[in-house]
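Novice: this one's sequence-less:
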């Protein structure tokens, strides 16, 4: 922490760095939504953020790396702004999962979140290092929240005791991500609800006892 | 069909085109596995195929478009070589689905199929036109085979009568594709088997009647 007074005329390097960093991340998100990932350049991000492009290259090796950090910041903001206090646990597992999956559907349908996610998915698919960072830093912390909620349900007796929790999480987020990425059909709340019900209950005809 | 005798000395333009086309598709698959999608160029494909690069540009607008046609040809070859006679229907839905999903796991773990799929997923994620062609021409015909098998099971009384078939297909292929693309955990036959069992039976604890 700097001990410099806020009234000091000389610029505070730490604060200026924070401001530049934030401006760069914001510019990358705005631009990827405007022009798409393929036409996004470090030069354009620098110009929009009002910094030199060397400032960006000092901190990030590629436009994909900028977007990953921007997405991490966006995820933090979404939590703060949405008053996020943890994965819901009302005791009704189906209701809690539907709430979270509906919110995920809304994010996938919102250009602000969708454009950088699409860009990172594209870049990660052919860049193993970026993909590993994306999975470790952005995805896994989110998947862990689902897993924690499912573990609580399992302990409360609502899930089969031998159920594989990571598999169950991927049964929820996998089909949703697949439909988003492949464009096989529209992503709707009804889809999220039906998915939750079928993951919990299965698709087989239950033989009446 | 040409009526020219196979012994004729003059080249048969249709046959030469077929040979060139096939050489280009094969070269694109070999090269994408060797150098990765980002370093793949039309020039390198042309050199490897022994054609001029104008020949490629006459038929395809981009390297992604070449790879899409190469993947379609690869899928046809796999059916022919594997003696594919349709989605299995032994009457045991779980066994049939496991057989097909295990084969899909094997393909995702085989560089020959994996490299072009990864390249097309990356390119499609930021190119809506390519993505639409990829989904319509490559994915949907495959998904339709699953759906047909599930419809037969539903008619035979093995699936809940109100089950959404496209959703059910995505519950099977979605988590598998997700784990492949995101690298969250290894793709194994055990994963495929457990996925099929849980999609059919659900993850909830079944109350003993």
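Specialist: Ah, there it is. Please read all numbers here as calculations on a predicted model, not as lab measurements.

Novice: which non-adjacent residue is nearest residue A:166?
Specialist: residue B:185 (6.2 Å; Cβ to Cβ, 6 or more residues apart in numbering or on different chains). Just so you know, the C-beta spots here come from the backbone N, C-alpha and C atoms, and that holds for glycine as well.

Novice: Number of residues surrounding that neighbour?
Specialist: 11 (other Cβ atoms under 10 Å in any protein chain shown).

Novice: So for residue A:64, what's the nearest residue that isn't a sequence neighbour?
Specialist: Leaving out its chain neighbours, the residue that sits closest to residue A:64 by Cβ to Cβ, 6+ apart is residue A:123, at 3.9 Å.

Novice: ugh, typo on my part, it should be residue A:122
Specialist: For residue A:122, ignoring the flanking residues on the chain, the nearest one in space by Cβ to Cβ, 6+ apart is residue B:125 at 3.6 Å.

Novice: do residue A:88 as well
Specialist: The shortest distance from residue A:88 to any non-neighbouring residue, by Cβ to Cβ, 6+ apart, is to residue A:96 (4.4 Å).

Novice: what separates the one you found from residue A:126, distance-wise?
Specialist: 36 Å (Cβ to Cβ, to the nearest Å).

Novice: Would you mind giving me the confidence score for residue A:74?
Specialist: For residue A:74, the model assigns a pLDDT of 89.

Novice: ok, and what's touching the longest helix anywhere in chain A?
Specialist: Longest among the helix segments of chain A by residue count, using DSSP state H, is helix A:13-35. Residues outside helix A:13-35 that contact it (Cβ atoms under 8 Å, 6 or more residues apart in numbering or on different chains): A:2, A:40, A:44-46, A:48-51, A:55-56, A:59, A:63, A:66-67, A:69-70, A:73-74, A:111-112, A:115-116, A:119.

Novice: Of those, which belong to strands?
Specialist: With strands taken from DSSP state E, there is no overlap with the contacts of helix A:13-35.

Novice: Filter those down to the buried ones, PyMOL style.
Specialist: Buried residues among these (16 or more other Cβ atoms under 10 Å in any protein chain shown), as a PyMOL selection:
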select buried, chain A and resi 40+44+45+46+48+49+51+55+56+63+66+67+69+70+73+74+115+116+119
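
Novice: Of the contacts of helix A:13-35, which ones also sit close to chain B?
Specialist: Among these, proximity to chain B is found for residue A:119 (Cβ under 8 Å from any Cβ of the partner chain).

Novice: So which of the contacts of helix A:13-35 sit within helices?
Specialist: If you go by DSSP H, the contacts of helix A:13-35 have A:44-46, A:48-49, A:55-56, A:59, A:63, A:66-67, A:69-70, A:73-74, A:111-112, A:115-116, A:119 in helices.

Novice: So for the helix or strand encompassing the residue nearest to residue A:88, mean pLDDT?
Specialist: Taking DSSP states H and E as the criterion, residue A:96 maps to helix A:93-108. Per-residue pLDDT over helix A:93-108 has a mean of 96.

Novice: Packing partners of it?
Specialist: helix A:111-125, helix A:140-155, helix A:165-182, helix A:189-201 (3 or more Cβ pairs under 8 Å, 6 or more residues apart in numbering or on different chains; DSSP states H and E).

Novice: Residues in contact with the shortest one: which ones?
Specialist: Outside helix A:189-201, the residues that touch it by Cβ under 8 Å, 6+ apart are A:93-94, A:97-98, A:101-102, A:104-105, A:168, A:171-172, A:175-176, A:179, A:185, B:163-164, B:167-168, B:171, B:198-199, B:202-204.

Novice: re the thing from before, what's the burial count for the residue nearest to residue A:88?
Specialist: Neighbours of residue A:96 (other Cβ under 10 Å): 20.

Novice: give the contact list for it.
Specialist: A:87, A:88, A:89, A:90, A:149.

Novice: Show the buried residues in these.
Specialist: Judged by 16+ other Cβ under 10 Å, buried ones among the contacts of residue A:96: A:87, A:88, A:149.

Novice: Closest to chain B out of these?
Specialist: Among these, residue A:149 lies closest to chain B (Cβ to the nearest Cβ), at 12.7 Å.

Novice: SS state for the closest residue to the closest one other than its chain neighbours?
Specialist: Spatially, and ignoring its direct neighbours in sequence, residue A:149 is nearest to residue A:87 (4.6 Å; Cβ to Cβ, 6+ apart). Following DSSP: H, G, I helix; E, B strand; the rest coil, we place residue A:87 in the coil state.

Novice: which element is residue A:185 on?
Specialist: With DSSP H and E as criterion, residue A:185 is part of no helix or strand.

Novice: Thought residue A:179 was touching it, still the case?
Specialist: Yes: with contact defined as Cβ atoms under 8 Å, residue A:185 counts as touching residue A:179 (5.9 Å).

Novice: what's the first-to-last distance across stretch A:152-162?
Specialist: Start and end residues of stretch A:152-162 are separated by 14 Å (Cα to Cα, to the nearest Å).

Novice: Contacts for that stretch, please.
Specialist: Contacts of stretch A:152-162 (Cβ under 8 Å, 6+ apart): A:89, A:91, A:93, A:150, A:163, A:165, A:168, B:203, B:204, B:205, B:206.

Novice: PyMOL command for the buried members of these?
Specialist: PyMOL command restricting the contacts of stretch A:152-162 to the buried ones, with burial defined by 16+ other Cβ under 10 Å:
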select buried, (chain A and resi 93+150+163+165+168) or (chain B and resi 203+204+205)
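
Novice: show me the contacts for the residue nearest to residue A:166.
Specialist: A:166, B:179, B:191 are the contacts of residue B:185 under Cβ under 8 Å, 6+ apart.

Novice: Could you tell me the least trusted of the helices and strands packed on helix A:93-108?
Specialist: Of all these, helix A:111-125 carries the lowest average pLDDT, namely a mean of 90.

Novice: and the helix or strand just after it, how far out from the chain's middle?
Specialist: Later in the chain than helix A:111-125, the nearest helix or strand by DSSP H and E is helix A:128-133. Remark: helix A:128-133 is offset 15 Å from the chain centroid, using Cα atoms, centre = their mean, to the nearest Å.
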